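Chemist: below are the sequence and a predicted model; questions follow.
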Amino acid sequence: MLIVCEGRRTEPNYFEGFRRENRNIIIMICESPGKTPMQIVRYAKERADEMQIGKVTGDSAWCVFDVDECTDKDMRRAIENAGRMLRLAVSNPCFEFWFLLHYTYFDRRMDTCREVITELRRYIPSYEKSRDHFDLLRPMTSTAVDNAEGLERGRRGMGLEPYSRGANPCTGVHHLVTEILTRRRDPPRDG
């Protein structure tokens, strides 16, 4: 499993926790040198090609990035470019929203990552982006998945794609986390 992240520390630190916890899954985590959704998708495609992702049943490549600083048009271009080769775990407005969902179902629009972090600090007062929060969050993963699924259903029910700016707040990180957890229980067989 290849996970290409927009962030330098927050996302890689979090997914590194799953890598430590799940020794039967090969998880490669890397930061994209470009920060726009399209740059992240292009980089992930290059890495997936290099690693021959897709040659073995069960391989997958993921892009993890935020909506906070891009337009819906930029996001649609990245999604189209990702095609079937890549899966996307998009957070709207930012990755920290996924962390917040571990504590509460939150449905109020937040336009900046700073707003999300302010809310998150109600639950993690010492929250810092560069710290590893995996062990603190891990026991509440099923709550976060349930909250994210509920938000996503609600957004789709309103006719919104979860990655669109109008769907704020929303996240697709639960799809990636669920895949990791499912593989832990039932490792894929070679095709």
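Modeler: That came through, no problem.

Chemist: tell me the mean pLDDT for the lengthiest helix in the chain?
Modeler: When the chain is parsed with DSSP state H, its longest helix is helix 141-157. Averaged across helix 141-157, pLDDT comes to 97.

Chemist: what of stretch 168-178?
Modeler: 96.

Chemist: that older thread, just checking, what packs against the longest helix of the chain?
Modeler: helix 96-100, strand 170-171, helix 173-185 (3 or more C-beta pairs under 8 Å, 6 or more residues apart in numbering; DSSP states H and E). In this view, the C-beta of every residue, glycine as well, is placed from N, C-alpha and C.

Chemist: adding mean neighbour count and distance to Glu6, write those out as CSV.
Modeler: Listed next are the helices and strands packed on helix 141-157 as CSV, based on neighbours: other C-beta atoms under 10 Å; distance: least, C-beta to C-beta, whole Å:
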stretch, mean neighbour count, distance to Glu6
helix 96-100, 27, 12
strand 170-171, 28, 13
helix 173-185, 17, 12
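
Chemist: residues making contact with the longest helix of the chain?
Modeler: 98-99, 101-107, 137, 161-162, 167, 169-174, 177-178, 181 (C-beta atoms under 8 Å, 6 or more residues apart in numbering).

Chemist: can you check stretch 109-117 too?
Modeler: 66, 68, 93-94, 96-97, 100, 119, 127, 129, 168-169.

Chemist: please apply the same query to stretch 123-134.
Modeler: Contacts of stretch 123-134 (C-beta under 8 Å, 6+ apart): 7, 9-10, 13-14, 16-18, 96, 99-100, 102-104, 117, 120-121, 136.

Chemist: show me what counts as buried in the longest helix of the chain.
Modeler: Under the neighbour-count criterion of 16 or more other C-beta atoms under 10 Å, helix 141-157 has 141, 144-145, 147-148, 151-152, 155 buried.

Chemist: dump those into CSV; add distance to Ala89 as well.
Modeler: Formatted as CSV, the buried residues of helix 141-157 follow (distance: C-beta to C-beta, whole Å):
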residue, distance to Ala89
Thr141, 14
Ala144, 13
Val145, 12
Asn147, 15
Ala148, 10
Leu151, 14
Glu152, 12
Arg155, 15
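
Chemist: pLDDT weak spots in the protein?
Modeler: 184-191 (pLDDT under 70).

Chemist: which stretches of it form strands?
Modeler: 2-5, 28-31, 61-66, 87-92, 170-171 (DSSP state E).

Chemist: tell me the most buried of those?
Modeler: Comparing these by mean neighbour count (mean count of other C-beta atoms under 10 Å), strand 170-171 ranks first with a mean of 28.

Chemist: appreciated, that's everything.
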